[in-house]
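Q: Next input, structure requested:
(chains A and B)
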Amino acid sequence: MRNKKMRNQPTNVTFSQGRDGKGRSSDSQQQQQHHMMEHRSGCMRGNQDKPEEALPKYITASLFAKARAAEVNAMLKAVTKTTSSSHVFGALPKHMRRRAMSHNTKRLPCRLREMAQRLLEKSHQAGKNVKKEQSKTKSRRARRRHGCLLLEFNRRQRKNKWLETHIWHAKRFHMLKKWGYCLGDKPTYKCYRASYRAMDSGCLLQDLSYYCCLELHGPEEQLLNALSRLTSKDAGPTFAAVSCLSGKKEGNVMLYKADQYPHQPLGPVSFLWRPCCSTSPDRQLWIWAHPSLKQDLLPELQAVCQCFEAITPAVVEVVPSQNLAKENPAPPATSDTTYKPQGTLKRKRKLASDIQKEYPAKKIVGDGTRSLTTPVSWRSCKTSVVISDLTMEIVRYRLIGPLSHSVLTEILVPATDCENDTKTTLSPFWWPEECKKEESMSLHRQQTEILQLLRGVYSTTELPAGCVLGLTVDDPRLFLSAKKGKAMPNLYQIQVGVNEEQRKNFILGGVPSACAQSALWEKSVRENVTNNKISEQDLNRMKRELLVPGSRLPTPAQGRVPILLVNRAGKQLGEERIGWGSGWDLLLPKGWGMAFWIPLVYCGVRVGGLQMSLKHSQYRCVPHFPHDYPDCPAGVRFQEQQEIELLEKFKRYPPSKRTNYIKYGCLAPFRCPWQQLVEEWEEKLKHVDMQNTTTISMKDATLLSGDGLNSASAFSVLRSRKVLRQLSVWCRPSSNTRRAPSSCCGVPPLSTEATISLQAQWKRCILWVRVRVLGKGQPALHAMLCMPTAKDLQQLRDDPQWCGPTELQHTDHLKDQLKKRGKKDQTALCCSNLKKQEECNFSESVEPSSGLKMGKNPDLVSVNQNTESGPSVILQDPLPDVKSHSNSTSVQGLWTEQLPNISSHCTRMTIGWVMQGDFSLATGTGEALGFISLLGFLQTLLIQSADQRGIVLLRNPTSLQYRFARLHIET
Amino acid sequence: MAEPRSQVSASQKSLGFSSSEGPATEMDPVEYTLRKRLPRKLPKRRNDVYINMKTDFKAQLARCQKLLDGGAGHREICIHGLGLAINRAINIALQLQAFSQGALQLAANTSTVELIDDLEPEDPDEAGEPLTRTRNNSAIHIKVFYPNA
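A: Have a look, this model is predicted:
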């Protein structure tokens, strides 16, 4: 027993080293004791070198006990004090701890039970206290009551708006808070491939209601004049395109700041003109923009249309409107925000509970975060143009895939006519009124016929791109079957009823522009429909009263909804997968989102989130907003955000698991310094031009110098269709020229002269390209696109299976610096702070000049010896002076602020970066989309032989292996 | 004989190669961009094979062979080819017959498929409506079957 105690003697027991005889004697006694113990326990420790001469002859009992008492005390203290937290389990060795002990004290050893019990009670009490504050007034049942729940929901969407399908999504999706909305990113279940298949051969559904709709209302000429300043014909069809202007088609257009083309782009929008009405000369135009674009677009539109006079919305008092609701089943438009603080709600419940039941207006429909007085429309004092912000007023669903039209025909049933008796009386609902007009009814019949024709179509790709169909349909909840099923086109049954001639005309010409008319354009109708939606509760009651369960409900007077169907074109550019990813957009009045969503889901569609819309654009090879618009303000904001996120993620890894990007020669793994890249290539070419000025005519030289004046301009993305077509022809390999003569007539052949004129005109441009890896390899985000050397290409020609050159590993000079610095800090802690500061200042002052120097040095080398083997470049590359970088904020393995020359940092010259890269399920190889510098691209083309045009090298940021890839420019 | 449905069916995917004569000869290519729409798609049975020019010839041949031999054991398959792919469809059918040492028989039908081109004006504001034209292309439908013995 004693032995054991001694062995576990705590280290904090100290003995006084007394100089007096007593102390010494006790000391010696102790030593002797020690030796005895050690002998007994069979292990010799300590004091071995000391001679064992000091064996005492006697022991004084009192002194001995006193000395032991101190030890025992210390030991007891140490034993009672638990090592880790104050929790009881700290007393237990780790292997004896069990999770269940925390709530079942009987699993603990007896000696600890009491204390654990006490702690458990304490924690229970603490928990109760916290809960009590919340639930003092309300039980869970009360809290979950409809009204309270809605209030809670309204509170939660004050910061980030919810879409109408939010709750459906929140149960199934990973939600992201982006652009002021709560949006579903991807489902919690595994469905990546299945979603791709749905886009490829089935139907994928997305809620795009977060897109902002801006309405422009005014005379056509004024609108076109104003809007033409934002667009350019050079970049494709504008607002004035004939087919779009008639309202027959939806158009897509790239917007620039007023009169700034090709600089200062804003972003892409899609737009839809309302077909001309006979009643009013004014036109209506909807511009659909991404929410991150809206803040740039709205001021620009206001400036262009000179609409600065805000029309303050009429603030409707809440209580009167409710009274009104009681008198009149169809109240006029109350404002969409009816959020009220809890107090008023309570009072109201007491006052008028029946009204509450009848008029469930508490639910936010539309934009609930906007205050009532915020202006949503602006009028012009000079012209009669009115801009109104219809954000969240219209629900937009996107169906992607060849079967999307059959899904639509499944759930959409054209509105039935009203009974005769309602035709004579005045109805508060819009549809009975509409039924009285003969022309609108004939239009409705035409639209119904078109919907019938749609059933006879096998694939959505057959239809003309962008066509618009207006419809009035019955409430889809009325005939919602309980059974889920997959919607498939059934041609055999349907073709019997369809006139073949009509179908052909439909496929050829699309929907006639008259049929694109819809009551959805009318604000009054939209509000009428939104406010008079039959509640779920009423619907269920009607279902209960139905005689034959499961049959169709009779259509009530308010059960008709005006909608718009907009065809979205699939992949139109390039030669592969034409028509891939086409589909339909479904536009609904607000409030009806879930009523259409559930039937759509029951039709067997897959639902996708933000991730799938990114993939959709990737497979269509179009840039996705705002990811792939680095020259737009929204794109810049996105890139900054992305850099922060990626850096945060990088820092979350333990230091030993972080990629050392310096060693991989990757200068900016988390962002793409386009501006620097473009400027570097410009510098480089200037230098080359200086060398062989003989080839340049004087005119070109003056052109170059003339453009050099505004060299401070920012880079931009090349969007001129003419130039893109020319480049696209150039980068095709000539071996595949069976059809080349027909497609490239009018395009000058690739030559130095042709490129020089291009370079002069578009020298600060980057180019959207698609890159397909030839062999293995899966491109990642921000992978480098590099220029192959002549040697690489020769080797590839000799051995087509060759996987590509490799980059030599770079040295991490920063690491050494950090190490040295760390050592210095340790050794020279005594150094005064003053001296250190001085050193820092010195190095900072030195840095810029040295940066410039080495920025130019490898530059020259790489240009001149470009075609020779590269490693000589790399040897020159490492920075001599980076002392200032090794400050405390820098992360190991990353370049800090000052980047060296980007394009020639590695053995192969960098011409661009990948923006989206992934394994492509469509082609079965790695495929990437990215931007390259136009000048770098032209240089690449010039040194390549005709049969190897458009071959570039691709290297991931975390790899040293270059891969060959073919580059396509799709026009 | 092939079923009546397959006589009107159009092949798919061979589009990019099906039209060697572009409209570039008639239209000024600067003013219009030609966008070809996909041929009309029709539902496909398991024993329908649509021949295209992008997939490897051997792979397509093997696919047909597998349909005839394999666990599926179809007594007949239909091989469809459109435009440029007609040659290849015939080639595949003949190869199949040769490999079977006379056990297989062929029955060929030809048809005409209507294809649609969209012509988008380059300068949309001036040039008016985008045009849509139809043109015809030939197609072949070969039934490869074991005769009932």
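
Q: Now find how far off-centre stretch B:40-57 is within its chain.
A: Distance of stretch B:40-57 from the chain centroid (CA atoms, centre = their mean, to the nearest Å) equals 7 Å.

Q: Quick one: end-to-end distance for that stretch.
A: 24 Å (CA to CA, to the nearest Å).

Q: Is the longest strand seen in chain B in proximity to chain A?
A: Ranked by number of residues, the top strand in chain B under DSSP state E is strand B:105-121. Yes. Strand B:105-121 is in contact with chain A by CB under 8 Å from any CB of the partner chain, via B:114, B:116, B:118. C-beta coordinates here come from the backbone N, C-alpha and C atoms, glycine included.

Q: which among these end up buried?
A: B:116, B:118 (16 or more other CB atoms under 10 Å in any protein chain shown).

Q: ok, so of the residues of strand B:105-121 next to chain A, who is nearest residue A:69?
A: Of all these, residue A:69 sits closest to residue B:118, with 102.5 Å by CB to CB.

Q: What strands line up against the longest strand of chain B, and which way round?
A: Sheet partners assigned to strand B:105-121 using DSSP bridges are listed as strand B:32-36 (antiparallel), strand B:131-145 (antiparallel).

Q: buried ones in that strand?
A: The neighbour-count check on strand B:105-121 (16+ other CB under 10 Å) flags B:109, B:111, B:113, B:115-121 as buried.

Q: will you turn those into a markdown table that also has pLDDT?
A: Listed next are the buried residues of strand B:105-121 as a markdown table, based on pLDDT from 0 to 100:
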| residue | pLDDT |
| --- | --- |
| B:109 | 92 |
| B:111 | 91 |
| B:113 | 88 |
| B:115 | 87 |
| B:116 | 85 |
| B:117 | 84 |
| B:118 | 81 |
| B:119 | 80 |
| B:120 | 77 |
| B:121 | 74 |
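
Q: what two of the residues you listed are the furthest from one another?
A: Top of the distance list for these (CB to CB): B:109 and B:121, 38.9 Å.

Q: Backbone dihedrals for the nearest residue to residue A:660 once chain neighbours are set aside, please?
A: Closest residue to residue A:660 apart from its sequence neighbours, by CB to CB, 6 or more residues apart in numbering or on different chains: residue A:893 at 3.8 Å. Per-residue torsions, residue A:893: phi 90, psi 0 (degrees, to the nearest 10).

Q: who are the neighbours in contact with residue A:893?
A: Residues in contact with residue A:893 (CB atoms under 8 Å, 6 or more residues apart in numbering or on different chains) are A:658-663, A:812, A:815.

Q: With residue B:45 instead?
A: Applying CB under 8 Å, 6+ apart, the residues contacting residue B:45 are residue B:78.

Q: re the thing from before, now the buried members of the contacts of residue A:893.
A: A:659-662, A:812.

Q: re the thing from before, looking at the contacts of residue A:893, which is nearest chain B?
A: When those are ranked by distance to chain B (CB to the nearest CB), residue A:659 comes first, at 38.4 Å.

Q: Are we agreed that that closest one is in a strand?
A: No. Assessed with DSSP: H, G, I helix; E, B strand; the rest coil, residue A:659 is coil; it does not lie in a strand.

Q: Geometrically speaking, which residue is the centre of chain A?
A: The centroid of chain A falls nearest to residue A:610 when counting by CA atoms, centre = their mean (6.4 Å).

Q: ok, now how distant is that residue from residue A:757?
A: According to CB to CB, to the nearest Å, residue A:610 and residue A:757 sit 42 Å apart.

Q: How about residue A:611?
A: For residue A:611, the distance to residue A:757 (CB to CB) stands at 42 Å.

Q: So which of these two has more stuff around it?
A: Using other CB atoms under 10 Å in any protein chain shown as the criterion, residue A:611 and residue A:757 rank with residue A:611 on top: 17 against 13.

Q: and the strand or helix carrying residue A:563, what other elements does it pack with?
A: Per DSSP states H and E: residue A:563 is located in strand A:560-568. If you count contacts as 3 or more CB pairs under 8 Å, 6 or more residues apart in numbering or on different chains; DSSP states H and E, strand A:560-568 packs onto strand A:468-474, helix A:523-531, strand A:583-589.

Q: so can I have TSV of these showing mean neighbour count, mean pLDDT and distance to residue A:63?
A: Output for the helices and strands packed on strand A:560-568, formatted as TSV (neighbours: other CB atoms under 10 Å in any protein chain shown; pLDDT from 0 to 100; distance: least, CB to CB, whole Å):
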stretch	mean neighbour count	mean pLDDT	distance to residue A:63
strand A:468-474	24	89	104
helix A:523-531	20	87	96
strand A:583-589	25	92	96
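
Q: Out of those, which gets nearest to residue A:109?
A: Checking those against residue A:109 by CB to CB gives strand A:583-589 as the closest, at 65.7 Å.

Q: who touches the closest one?
A: Applying CB under 8 Å, 6+ apart, the contact partners of strand A:583-589 are A:203-204, A:208, A:393-401, A:404-405, A:408, A:460, A:520, A:525-526, A:529-530, A:561-568, A:570, A:596.

Q: Next, the angle from that strand to helix A:523-531.
A: Strand A:583-589 runs at 90 degrees relative to helix A:523-531, counting by axes from the mean of the first three to the mean of the last three CA atoms, to 10 degrees.

Q: where's residue A:938, which helix or strand?
A: helix A:934-943.

Q: who does that helix touch, helix- and strand-wise?
A: Short answer (3+ CB pairs under 8 Å, 6+ apart): helix A:934-943 packs on helix A:674-691, helix A:752-761, strand A:765-773, strand A:784-787, strand A:909-919.

Q: quick one, that helix and helix A:674-691 angle?
A: With the same axes, to 10 degrees as the basis, helix A:934-943 and helix A:674-691 are set at 50 degrees to each other.

Q: Alpha carbons of helix A:934-943, as CSV, please.
A: Extracted in CSV, the C-alpha atoms of helix A:934-943 (Å, rounded to 0.1, in the frame of the first residue of the first chain):
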residue,chain,number,x,y,z
LEU,A,934,-6.0,37.3,-77.0
LEU,A,935,-2.4,38.3,-77.6
GLY,A,936,-1.0,35.1,-76.0
PHE,A,937,-3.4,33.1,-78.1
LEU,A,938,-2.4,34.7,-81.3
GLN,A,939,1.2,34.0,-80.5
THR,A,940,0.4,30.4,-79.8
LEU,A,941,-1.4,30.1,-83.1
LEU,A,942,1.5,31.7,-85.0
ILE,A,943,4.1,29.2,-83.9
